[in-house]
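>>> The sequence and its predicted three-dimensional model are supplied below.
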Amino acid sequence: MEHKLTVYNTLTRKKELFTPINSPHVGLYVCGPTVYSDVHLGNVRTFTSFDIIYRYLVHLGYKVRYVRNITDVGHLVGDIDEGEDKIAVKARLENLEPMEVVQRYTNGFHEVMQLFNNLPPSIEPTATGHIIEQIEMVEKILENGFAYEVNGSVYFDVVKYSESENYGELSGRKIDELLSNSRSLDGQTDKRNPVDFALWKKAGEQHLMRWNSPWGVGFPGWHLECSVMSTKYLGENFDIHGGGMDLKFPHHECEIAQNKACASGNPVNYWLHTNMLTVNGRKMAKSEGNGFTPEQLVTGDHPLLEQGYSPMTVRFFMLQSHYSNTLDFSNEALKAAEKGYKRMIEAMDILPKLEVSEKSDFEFDAFAKKCYDAMNDDFNTPILLSVIFEAVKFIYRVKAGEITVSKVDKEGLKILMEAFIFDVLGFRKEVASQTDMSDGLMNIILDLRKNAKVNKDFATSDAIRDQLKEINIVIKDSREGSTWEVI
Ligand SMILES: [Zn+2]
């Protein structure tokens, strides 16, 4: 089967045929987390979206080098060039070494990724591990005349860059508007122009994270690391760069400028951006009181959550919406996702046990085509899920004896559904919870006892009752049947 994968490129604002630079190799770079606090649910959505993209590219047979960085220095409070480093603030508050903060939240991030079954990237580079390469890139940008040094800091010269390049090509911002909208500097910074951004910042006496450089002791600007690490591991021109849409400006716009100031040509062929998360129609934010963590979502320990939802329920819920659309969390939608996920997994358990017949009511080729068409259309997971549910419905109807399936179609269906549900969409079978399990076990025991009674085997039915009582489980018999409780 030929696969014509199309992706929505936020740089050209068009859906384009995906053509790798050096097929079957694909380079994929995704901006990772800044590890100064617990991972936000919005981040989980972003990384789950790129997990699907990675998984599908691998499924199509591409050899993907997936790079996702860890930002452990340079991301300042307020996302601008002034203020303290987010990690240093946390370290000071908790009286920790900055690298302790980094390690703690990196571990936490990995745990959450595993919880939601997101695959690890091929390379997970850190900003502090690439200080030398960052200094080298600053030197190159200076050499090419797109940066200037003032008092131990180096700034990117956006005005100079705009003479030959289009600063704003990704975000759609216009340099003239940026220039007229920016407030005057009043001598507060060393920048020539407010639109310029820091490549290297001089470290004050109090600054905890600091390195020697040709311009004195300092630390790298936030945007620099991604230019450096994507180029180092994927080359000066690579296939896909992704991230949350809030990173488009200034972060990704600055990345493009840095890359182009070093080497000619487009650094990235396809830019992919994921949309944000809302709760009951409102943006998820700490100030709104609706910013629950991934753990709270699983345990249900938050006023807005009516119950806990399993990680695969959350994954199912996330994939019911396209990555480029906003996703709204509500208890109703999550409960529906819980049912949908269970029905899908149950169908997968039923499928191998289905009886086969000569005649098949299943159109396998059409089904396979619809699965691939959905994913080839910019990784459209909601459409794919609806196609999978046509097959789920079919499986239940065959089980009910309403229609039939042939041996060949049953085998093909099993292979294809396993590939799409587990490999591409990244679902896994969840083990039943302790409560579900004890409920299930007790139902089996009560059924056995009922059968014993029906067969007038009162010795067995009494023995079951007495032995359960010894472990503090009491059976109550009534006309409606038997119930149990722990005393
Ligand atoms: Zn980045």
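That came in fine, so what should we check first? Numbering: from 1, shown residues only.

>>> Assign the residue of the stretch 351-487 of the chain found nearest the ion to helix, strand or coil.
Closest residue of the stretch 351-487 of the chain to the ion, C-beta to the ion: residue 379 (20.7 Å). (Glycine included, C-beta is placed from N, CA and C.) Following DSSP: H, G, I helix; E, B strand; the rest coil, we place residue 379 in the coil state.

>>> For it, which residues are in contact?
Going by C-beta atoms under 8 Å, 6 or more residues apart in numbering, residue 379 touches 7, 49, 52, 53, 56, 322, 323.

>>> which one of these has the most neighbours?
For the contacts of residue 379, the largest number of neighbours (other C-beta atoms under 10 Å) sits with residue 49, at 27 neighbours.

>>> Apart from its chain neighbours, what residue comes closest to it?
Leaving aside its chain neighbours, residue 49 sits nearest to residue 323 (3.8 Å; criterion: C-beta to C-beta, 6 or more residues apart in numbering).

>>> cool, and residue 461?
Closest residue to residue 461 apart from its sequence neighbours, by C-beta to C-beta, 6+ apart: residue 452 at 4.2 Å.

>>> Please verify my assumption that residue 233 contacts residue 121.
No - counting by C-beta atoms under 8 Å, residue 233 stays clear of residue 121, with 10.2 Å between them.

>>> what touches both of these two?
Jointly contacting residue 233 and residue 121 under the rule C-beta under 8 Å, 6+ apart are residue 67.

>>> Compare those two and say which is more crowded by neighbours.
residue 121 (22 against 17).

>>> which residues does the residue of the stretch 301-450 of the chain found nearest the ion contact?
Nearest residue of the stretch 301-450 of the chain to the ion (C-beta to the ion) works out as residue 323 at 17.6 Å. Applying C-beta under 8 Å, 6+ apart, we find residue 323 in contact with 49, 52, 274, 275, 379, 381.

>>> Read off the pLDDT value for the first one.
In the predicted model, residue 49 carries a pLDDT score of 98.

>>> now it: how far from residue 276?
Counting by C-beta to C-beta, to the nearest Å, the gap from residue 49 to residue 276 is 11 Å.

>>> how does this structure divide into domains?
Domains of the chain are assigned by automatic domain parsing as 21-274, 278-424, 434-486.

>>> Please tell me how far residue 256 sits from residue 274.
Applying C-beta to C-beta, the value for residue 256 to residue 274 is 18 Å.

>>> residues from the stretch 101-250 of the chain in reach of the ion?
Contact residues, the stretch 101-250 of the chain versus the ion (C-beta under 5 Å from the ion): residue 226.

>>> And the residue of the stretch 101-250 of the chain that's closest to the ion?
Counting by C-beta to the ion, the stretch 101-250 of the chain gets nearest the ion through residue 226, at 3.2 Å.

>>> residues contacting the residue lying closest to that residue once chain neighbours are set aside?
Once flanking residues are discounted, residue 226 sits nearest to residue 255: 5.2 Å by C-beta to C-beta, 6+ apart. The contact partners of residue 255, by C-beta under 8 Å, 6+ apart, come to 223, 226, 227, 230, 241, 267.

>>> Could you pull out the helices in the stretch 301-450 of the chain for me?
Ranges of helices in the stretch 301-450 of the chain, per DSSP state H, counting those that start in this stretch, are 311-319, 331-350, 364-376, 381-399, 407-418, 434-454.
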